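Q: Prediction below, plus the sequence it came from.
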Amino acid sequence: MKTIGIIGGGQLGRMLAMAAARLNLRTVILEPQADCPAAQTATRQIVGAYDDDQALDALAAACDLVTYEFENVPVAAAARLARSLPVFPPPKALEVAQDRVTEKRFLNACGLETARFHAVDSLADLKAALAAFGGQGVLKTRRLGYDGKGQHVFRDDADDPAAVYAALGAVPLILESFVRFEREISIIAARGQDGSVLCFDPAENVHRNGILATSTVPAALPADLAESARAAATAIVDALDYVGVIGVEFFATSDGGLAVNEIAPRVHNSGHWTEAACVVSQFEQHMRAVAGLPLGDPSRHSDCIMHNLIGDEIDQVPAWLAKPRTLVHLYGKAEARPGRKMGHVTTLR
Ligand code: AMP
């Protein structure tokens, strides 16, 4: 029976641990917060910081291999573990995904479209980049941004670059050109240890306040664009010599093309629908990949819509539980703060 270490104790780790248990795989969570969502479903938790050498060595001693459930795992921690046991996805995927400039350069080198971009390290850089993009653009922190945090949208001349820079500019930034898109979609792809790649169907995503609100499958997308999205995800995982599940987010642009927004080297919120509408979920698929088991059939047996339950939307659970063809999944978080993901529900159509 293999034991798989998971760095990170949130809801993604929780769902990975649940999928692992069904395949007779044990899981050990490394997470500083005791009784975290993942620890509630895993075999064991090591309470410790992600960069604590002692905790990392204890994780390595307890496991056959290590994976992770968030992309901001310190690269040095992954590298330390990789000296004594396999780490999947490869630490290179963390390096690429942790910095939006590195990520876009990597995507462009794979031949994939992204928003145009400039690295911004000073107010002068910001002014020059805004001028290049006609005064519009999305300013983001290069590292550690998520759910729309650490971002500012320049729509016209109304915003004072100096004030925005003062608010965000203590850290390296990127200005992206403003992408006019028809819809946002994502692909969840998996690559096995033998290099085989399988993709779930593209989902169409709606964000509210920068946070994913719903994923609908099938996405309203022409067949050739869906195929391009699969091809893009395949090019990315091949280039990274990847093992595991990855989430790739795209803009379907107004001119009929696709631009990659970002990659997440882990299971992804926009793939939660797979647990209800596919026989093998993204969580099981990831565990199969990292454990060296054959990948599962990613085909979809039902159309569906997944709703995130954010903050006090957790209060709607009784109504969701009463709905037919609806799978409710809660994350075991004690406190419902605004913007906090508390659970999700998937309704089959
Ligand atoms: P991100 O944190 O990069 O996923 O951005 C959060 C959301 O902001 C995206 O899902 C889009 O809705 C929007 N957004 C991000 N970057 C751009 C861009 N360059 N152009 C237009 N909209 C964007």
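A: Looks like it came in fine. Numbering: from 1, shown residues only.
Q: which stretches of the stretch 1-150 of the chain form helices?
A: Using DSSP state H, counting those that start in this stretch, the helices found in the stretch 1-150 of the chain span residues 11-22, 53-62, 75-82, 91-97, 100-109, 123-132.
Q: One more: the stretch 151-300 of the chain?
A: Assigned by DSSP H, counting those that start in this stretch, the helices in the stretch 151-300 of the chain fall at 161-168, 223-239, 274-277, 282-291.
Q: Need the contact partners of stretch 1-8.
A: Applying C-beta atoms under 8 Å, 6 or more residues apart in numbering, the contact partners of stretch 1-8 are 13, 16-17, 20, 24-31, 38, 42-43, 50, 59-60, 62-70, 73, 77-78, 81, 287, 290-291. C-beta here means a position set from N, CA and C on the backbone, and glycine is covered the same way.
Q: So among the residues you listed, which ones count as buried?
A: Among the contacts of stretch 1-8, those classed as buried by 16 or more other C-beta atoms under 10 Å are 13, 16-17, 20, 25-31, 38, 42-43, 50, 59-60, 62-70, 73, 77-78, 81, 287, 290-291.
Q: So which of those residues reach the ligand?
A: Counting by C-beta under 6 Å from any ligand atom, nothing from these sits close to the ligand.
Q: still on that earlier bit, just name the most buried of the helices of the stretch 1-150 of the chain.
A: Of all the helices of the stretch 1-150 of the chain, helix 11-22 carries the top mean neighbour count, a mean of 24, counting by mean count of other C-beta atoms under 10 Å.
Q: you'd agree Q33 is up against Q40?
A: No - using C-beta atoms under 8 Å, Q33 is not in contact with Q40, being 11.6 Å away.
Q: more crowded one of these two?
A: Set side by side, Q33 and Q40 show more neighbours around Q40, with 16 against 12, by other C-beta atoms under 10 Å.
Q: where does the more buried one land on pLDDT?
A: Per-residue confidence (pLDDT) for Q40: 98.
Q: From the ligand, how far out is it?
A: 28 Å (C-beta to the nearest ligand atom, to the nearest Å).
Q: And for P91?
A: Distance, P91 to the ligand, using C-beta to the nearest ligand atom: 22 Å.
Q: circling back: quick one, which of the helices of the stretch 151-300 of the chain gets closest to G111.
A: Smallest distance to G111 across the helices of the stretch 151-300 of the chain (C-beta to C-beta): 6.8 Å, for helix 223-239.
Q: Which residues does that closest one contact?
A: 106-107, 109-112, 185, 187, 189, 191, 195, 197, 199, 201-202, 219, 221, 242, 246, 248, 250, 252, 256, 258, 260, 263.
Q: A19 is in contact with E284, correct?
A: Yes - the pair E284 and A19 passes the contact test of C-beta under 8 Å, sitting 4.2 Å apart.
Q: sorry, back to before: so which of the helices of the stretch 151-300 of the chain is the most packed in?
A: Comparing the helices of the stretch 151-300 of the chain by mean count of other C-beta under 10 Å gives helix 282-291 as most buried, with a mean of 26.
Q: What is the neighbour count of the residue lying closest to A49 once chain neighbours are set aside?
A: Closest residue in space to A49, ignoring its immediate chain neighbours: P32 at 5.1 Å, by C-beta to C-beta, 6 or more residues apart in numbering. Using other C-beta under 10 Å, the number of residues around P32 comes to 13.
Q: per-residue confidence for P32?
A: pLDDT for P32: 98.
Q: contacting residues around it?
A: So P32 contacts 47-50 (C-beta under 8 Å, 6+ apart).
Q: Which of those residues has the largest number of neighbours?
A: Taking other C-beta under 10 Å as the neighbour criterion, Y50 ranks highest of those with 21 neighbours.
Q: Next, give phi and psi for that residue.
A: phi -70, psi -20 (degrees, to the nearest 10).
Q: what's the distance between it and the ligand?
A: Taken as C-beta to the nearest ligand atom, the span from Y50 to the ligand is 21 Å.
Q: Verify the stated contact: that residue with A77.
A: Yes - the criterion here is C-beta under 8 Å, and Y50 meets it with A77 at 5.5 Å.
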